[in-house]
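# sequence first, then the predicted structure, then my questions.
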Amino acid sequence: MQTHKAKRVVITIESIMQKRLTDTLESAGVTGYSILPVLGGSGRSGAWSRDGQISRASGMVQVVCIIRKERLDALLEAAFEVVDKHIGVVTITDVDVLRAERF
Amino acid sequence: MQTHKAKRVVITIESIMQKRLTDTLESAGVTGYSILPVLGGSGRSGAWSRDGQISRASGMVQVVCIIRKERLDALLEAAFEVVDKHIGVVTITDVDVLRAERF
Amino acid sequence: MQTHKAKRVVITIESIMQKRLTDTLESAGVTGYSILPVLGGSGRSGAWSRDGQISRASGMVQVVCIIRKERLDALLEAAFEVVDKHIGVVTITDVDVLRAERF
Amino acid sequence: MTGILDLALANLVSPVILSFVLGLLAALGRSDLTVPEAAAKGMSIYLLFAIGFKGGVAVAANGLDGTLIATMIAGLVLSAVLPFIAFAMLRVLTSLSRIDAAAVAGHYGSISIVTFVAATSVLEGRGISSEGYMVAVAAVMEAPAILSALWLVSTGGSGRRMDKELMREIMLNGSIVLLVGAFFIGAATGEEGLAAISSFIVAPFTGVLCLFLLDMGLVAGRGLRESRGTLNIGAVAFGILMPIVGSLIGLATGLIVGLSPGGVTLLMVLSASASYIAVPAAMRVALPEANPSVYLTLSLGVTFPFNLTIGIPLYVALSQAVTGG
Amino acid sequence: MTGILDLALANLVSPVILSFVLGLLAALGRSDLTVPEAAAKGMSIYLLFAIGFKGGVAVAANGLDGTLIATMIAGLVLSAVLPFIAFAMLRVLTSLSRIDAAAVAGHYGSISIVTFVAATSVLEGRGISSEGYMVAVAAVMEAPAILSALWLVSTGGSGRRMDKELMREIMLNGSIVLLVGAFFIGAATGEEGLAAISSFIVAPFTGVLCLFLLDMGLVAGRGLRESRGTLNIGAVAFGILMPIVGSLIGLATGLIVGLSPGGVTLLMVLSASASYIAVPAAMRVALPEANPSVYLTLSLGVTFPFNLTIGIPLYVALSQAVTGG
Amino acid sequence: MTGILDLALANLVSPVILSFVLGLLAALGRSDLTVPEAAAKGMSIYLLFAIGFKGGVAVAANGLDGTLIATMIAGLVLSAVLPFIAFAMLRVLTSLSRIDAAAVAGHYGSISIVTFVAATSVLEGRGISSEGYMVAVAAVMEAPAILSALWLVSTGGSGRRMDKELMREIMLNGSIVLLVGAFFIGAATGEEGLAAISSFIVAPFTGVLCLFLLDMGLVAGRGLRESRGTLNIGAVAFGILMPIVGSLIGLATGLIVGLSPGGVTLLMVLSASASYIAVPAAMRVALPEANPSVYLTLSLGVTFPFNLTIGIPLYVALSQAVTGG
Ligand SMILES: Nc1ncnc2c1ncn2[C@@H]1O[C@H](COP(=O)(O)O)[C@@H](O)[C@H]1O
Ligand SMILES: Nc1ncnc2c1ncn2[C@@H]1O[C@H](COP(=O)(O)O)[C@@H](O)[C@H]1O
Ligand SMILES: Nc1ncnc2c1ncn2[C@@H]1O[C@H](COP(=O)(O)O)[C@@H](O)[C@H]1O
Ligand code: NA
Ligand code: NA
Ligand code: NA
């Protein structure tokens, strides 16, 4: 089938920052994203798990964006602005997409 | 370690279509997949979040298939048939897998 | 923006093995990972879904590690040791990361 | 007239309605208050089980009166016919496409079980009894409207979009199975069964309903916020007129069938209410081209709040006036 | 004989059992009815807390009688020995591999706390009292069977597959900790503590049990559907014979130890029931080669429904007949 | 003195406290016992709704006495001022950075609603009444402390890190909206409303509180285990001294304002308690450089258990002694 090149950006970030991040992404022209739950993890700031949390301050989510290559830089700059001071991981992968007219 | 080339197909689709999609994939010879929950997202049809839903009509899931390259086209055609009229995103990535005899 | 090459390893494994896997990864020098929930799936051992489970014996999770290329083999060997006898899938993808100093 | 207003006011100043209003306001004010999905679903299972069980116990206690079959058939017919009336009204009042109008129409033939539950709790509060089998009538009214909607789309080619799998999904959807199943359990175990579990399904019922409606308010409010601009004035007018029209048709039907005053009220409520769970799911499968925010906003954002606050006391007053009950 | 049948029938036509049957039928009919995982886990926490607490209060009220220690030891021995009997029966009745048979055997030495809860609620309904510390006996019986199963696999090399971590996980698994913890809280706070929370843990108990068993029925039914063809007739026969054999051994043990009629019944139920939470988890870690659908289907799909519907009234009748209680 | 000890002991041997201790021990012993997130959140919604509603009903019953406004203002001031005292103590007792110290200080000006709920349940158990509007005072005390903390960081540049969006999030956070909303519903529907739902929000209240505190114990225990070594002895001392200091300031304020003995106790509890939900969330947004495990461990791992077990009976005894109530 006919596919097209695109980028898949995954931003792992604290739940409380989710809305700020997606608002920023939208201002940077990102038109689509999906949010995945994260159950727990470990990093420089130690290990955590959703079951060990009482506060909405502490869970994390993954924000996944499929985006055209030419828009990648705008997205990364917007994301970086929000993620910069916060814990979080940003990865970029090459993907092929069906129905590219959607992106 | 010994790894093998394969494809990772991620189909983001409405929950109500999940069973129809996996049934179709199975008829197309797909032998394995995993389902991930999606908490919310945004796209051409607007933003949504699981907390804002009362109906089983409206959540989404990701169906993830690891598949050999030679079977990719059969999978994509099967997926497309289901996804076509529905909202949803299909991406394909190159991956290496351990224990390739499983796929 | 400045990005760096890395590897994204996704290990789909039974929930009960999660702690054993992450402990093993940590001993192998892995410093960060995230855990994603899996709602259901299908493979050689049949189909399952979280709703059809009463027991903590039966759910699955995805352990996602972003790791430098040079550490990949240590990770895979550690993971393989745990996954070997158990059901589970291991995939590796090339990714670019922001803030590489973190990995 | 002041009687109806007093009644409406009394209905409004109840914990149940105010909880809904609280949820609505919180969502409109963009508070982050949320009821977890699992907790909301757990409460809905509780409510369906309780209402079905109590209906079954009532049937076991009073026996089946002769109107049962007639009411069931009346319910089937109402559910199948109301979408045509709704469709006609939509074509006059709004500029919705044929497909969107048909999808909306299907919702209004079907029912909202939470509206039904709220109505039974109002009736109970005012000491008006009703036929226990009305929960079974509610179950019967869920599905036929969907077929009518699909028929409206295919203009007579009937069922092209309806496959066996979808049919099974609709008939065996969780709410129907639970409601009807609990009804049979209640009918089988009767007063004795009720005694064993009444401190679970009777005593805390109204309280659980409050928290459930809090969540409904949150969801309705979020829906309204997200779909601002989706509905024009004509659509909103439909969302308020249609339940009134439906309730009057339900009133006439209930009188013909010979229901008690309480039963008439419940048939009015069923006819007036619009589905926001079963029918949207079916429409997403069968009519993916129809815009979900139109039918969800109308049903959950306009008609549900209307029925809950103004509709129910109005229907109670009307049926009391007409039946002299 | 007709006495037992009447009893069985009375047991069957209770909201608790019928809720289970409803769940089973809904799942077999492929309804999409589901109880959210979090709600089900929440209910199981409620049930464990309530049953443990009430046991503790009973002990605080009646004091510890001399049979406590003896019953504890009896429980340990039963749990450790029953797997050998189960294993022998499996080798005769089925063609399961050594590893699968050992894994299954481990489940039948251990216990199902929900079956225990259902039995206490039947006893309560019939006004038969029992030793409060039986919940502690239940806790004691969870783990030893796992060691026996692993021993059976390694044919004497004992524990090769058992590491310290797994041992800790089994001993401190959530259900045991909650059950035993609540038992001690009940024992420490006594009647006064019970008075403070009885409208939470006593009054709605049976009702919560209904909804919980509804979910168990759904899960068991889905399991049966997904694993069609896994079990042959020999395996199914084992799933029904083994609980009867277990209950008889429990009966003898209870009489030797000198339990009250109610206590004897509960020891029979514990011996007859099979684990479907703690043991499967341990087996997945220690015996990943064993096929989980064999042991889960047998324990949850065959033995659990059997015990719930026919087993419990049978055990009650037997112990009444033998003890003359 | 022995009076206080007896009281503390009686408080300790209650199902509520022992449930918390059970959770704490289970987590420290690395049991896998967990309460699902959705169930815990569901229970917290229940508790907030119930406590708010009952407060509103009390106000409807007794009318508003003149101290309402004064107490509200006092709460605002306490919340704004306590962080400065906490900050000063932290600089003396610990070597925390300015930012970490300010973040911690913000938590101690704000409040823990669960500690408040536990205190009302102790007061109720001992037949001490209090002003119904204290729940509104609790709501008022949540936010000002956050502003003080941010002011402490920016040493006077005030609010640089506070934007409108964060302000809105803090003021309309779910807990506040639910608590205040339920308060108004209770005030509007009064005794009649309470009668309709009291078997839901009154009868099972203490029992739900037990299970909720079981989860709090689990979370606190896991937090303590994960952050071993985060706190030195000075920090722990702060976590115990600060609530005592806070309670004394609350005592003085309550006396000045002219609250009843029960009201004085509750103001002491509010002053003594530290936030672990609203403030941490705000701090993660506004002060991401501050180390969350410092403030969470102190507030949830040290001060919360201290208040629950020793603090509350101490504050009750103190206020009784001083007011002679
Ligand atoms: N290398 C990694 N791979 C995957 N997830 C990571 C990695 N590092 C950090 N994370 C996630 O990001 C969270 C915060 O990381 P950190 O900022 O390093 O404490 C962790 O708890 C993980 O959920
Ligand atoms: N570019 C994208 N990247 C990631 N997810 C997307 C994207 N576009 C759409 N989605 C997901 O697919 C759903 C439906 O998209 P749409 O059909 O565009 O309304 C959205 O709500 C998102 O969850
Ligand atoms: N090809 C695949 N793609 C994605 N997930 C898979 C695949 N194969 C197996 N899985 C996941 O791994 C689980 C166990 O697989 P198996 O060991 O083949 O039974 C399945 O239930 C799926 O959740
Ligand atoms: Na209707
Ligand atoms: Na057993
Ligand atoms: Na405070």
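Now that the structure is in, tell me what you want to look at. Ligands and ions are numbered 1, 2, ... in the order given.
# how distant is the helix or strand of chain A with the lowest mean pLDDT from the center of its chain?
Lowest by mean pLDDT, DSSP states H and E among the helices and strands of chain A is strand A:46-49, with a mean of 84. On the basis of CA atoms, centre = their mean, to the nearest Å, strand A:46-49 is displaced by 19 Å from the centre of the chain it belongs to.
# and for stretch D:95-105?
20 Å.
# kindly report the same for stretch D:183-192.
24 Å.
# so which bits of it are buried?
D:183-190 (16 or more other CB atoms under 10 Å in any protein chain shown). (C-beta placed from N, C-alpha, C; glycine too.)
# that older thread, buried sites along the least confident helix or strand of chain A?
By 16+ other CB under 10 Å, the buried positions in strand A:46-49 come out as A:48-49.
# do it and chain E come into contact?
No: interface with chain E: strand A:46-49 contributes nothing (CB under 8 Å from any CB of the partner chain), its closest point being 14.6 Å away.
# next one: stretch D:257-277
No: counting by CB under 8 Å from any CB, chain E is not contacted by stretch D:257-277; separation bottoms out at 11.3 Å.
# ends of that stretch, how far apart?
28 Å (CA to CA, to the nearest Å).
# also stretch A:11-26?
By CA to CA, one end of stretch A:11-26 lies 14 Å from the other end.
# which helix or which strand is home to residue D:131?
Following DSSP states H and E, one finds residue D:131 outside all helices and strands.
# show me the contact partners of the helix or strand of chain D with the lowest mean pLDDT.
Ranked by mean pLDDT, DSSP H and E, the helix or strand of chain D with the weakest confidence is helix D:2-12, at a mean of 74. With contact meaning CB atoms under 8 Å, 6 or more residues apart in numbering or on different chains, helix D:2-12 is reached by D:17-18, D:122, D:309-310, D:312-314, D:316-317.
# spatially, which two of those residues are the most separated?
Taking CB to CB as the measure, the contacts of helix D:2-12 span a maximum distance of 20.6 Å, between D:18 and D:317.
# which residues touch whichever residue of chain D sits closest to ligand 3?
Nearest residue of chain D to ligand 3 (CB to the nearest ligand atom) works out as residue D:38 at 21.6 Å. The contact partners of residue D:38, by CB under 8 Å, 6+ apart, come to E:36-39, F:36, F:38-39, F:42.
# what about the strands in chain A?
For chain A, the strands defined by DSSP state E cover A:4-14, A:33-38, A:40-43, A:46-49, A:60-67, A:88-97.
# weakest of those by average pLDDT?
Least confidently modelled of the strands of chain A is strand A:46-49, at a mean of 84 by mean pLDDT.
# ok, the residue nearest to residue D:310 when sequence neighbours are not counted - how many residues close by?
Nearest in space to residue D:310, with sequence neighbours left out and distances taken as CB to CB, 6 or more residues apart in numbering or on different chains, is residue D:8 at 6.1 Å. By the measure other CB atoms under 10 Å in any protein chain shown, the count of residues near residue D:8 is 18.
# and residue D:8, how far from ligand 1?
52 Å (CB to the nearest ligand atom, to the nearest Å).
# same question, residue D:101
Separation of residue D:101 from ligand 1 (CB to the nearest ligand atom): 48 Å.
# residue D:320 now?
In terms of CB to the nearest ligand atom, residue D:320 sits 60 Å off from ligand 1.
# near ligand 2 at all, stretch D:215-227?
No: for stretch D:215-227 and ligand 2, the contact criterion (CB under 6 Å from any ligand atom) is not met; the two come no nearer than 11.6 Å.
# for the contacts of helix D:2-12, pick the one with the most neighbours.
Result: residue D:312 is most packed of the contacts of helix D:2-12 (other CB under 10 Å), 28 neighbours.
# do I have it right that that one meets residue D:118?
Yes: counting by CB atoms under 8 Å, residue D:312 does reach residue D:118; the two are 6.3 Å apart.
# residue D:118 contacts residue D:16, correct?
Yes: between residue D:118 and residue D:16 there is a contact under CB under 8 Å: 6.6 Å.
# more crowded one of these two?
residue D:118 (29 against 25).
# quick one: residues in contact with the helix or strand hosting the more buried one.
Element membership for residue D:118 (DSSP H and E) is helix D:113-125. With contact meaning CB under 8 Å, 6+ apart, helix D:113-125 is reached by D:11, D:14, D:16, D:44, D:47-48, D:51, D:129-130, D:134-135, D:138, D:175, D:179, D:205-206, D:209, D:212-213, D:216, D:262, D:265-266, D:269-270, D:272-273, D:304, D:307-308, D:311-313, D:315-316, F:196.
# just the strands of chain A: most buried one?
Compared across the strands of chain A, strand A:60-67 shows the largest average neighbour count, a mean of 24 (mean count of other CB atoms under 10 Å in any protein chain shown).
# that one packs against which elements?
strand A:4-14, helix A:18-27, strand A:33-38, strand A:88-97, strand C:33-38 (3 or more CB pairs under 8 Å, 6 or more residues apart in numbering or on different chains; DSSP states H and E).
# residues contacting the residue of the stretch 51-200 of chain D found nearest chain C?
Per CB to the nearest CB, residue D:174 is where the stretch 51-200 of chain D lies closest to chain C, at 10.9 Å. By CB under 8 Å, 6+ apart, the residues touching residue D:174 are E:26, E:31-34.
# nearest to chain C among the residues you listed?
So of those, ranked by how close each gets to chain C (CB to the nearest CB), first place is residue E:34, at 4.5 Å.
# one step back: and the buried ones among the contacts of residue D:38, selectable in PyMOL?
Buried residues among the contacts of residue D:38 (16+ other CB under 10 Å), as a PyMOL selection:
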select buried, (chain E and resi 36+37+38+39) or (chain F and resi 36+38+39+42)
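# the contacts of residue D:38 in helices, which ones?
Counting by DSSP state H, the part of the contacts of residue D:38 found in helices is E:37-39, F:38-39, F:42.
# of those residues, which is the nearest to residue B:90?
Closest approach to residue B:90 among the ones in helices among the contacts of residue D:38 (CB to CB): residue E:37, at 28.3 Å.
# the closest one and residue D:306, how far apart?
Distance, residue E:37 to residue D:306, using CB to CB, to the nearest Å: 35 Å.
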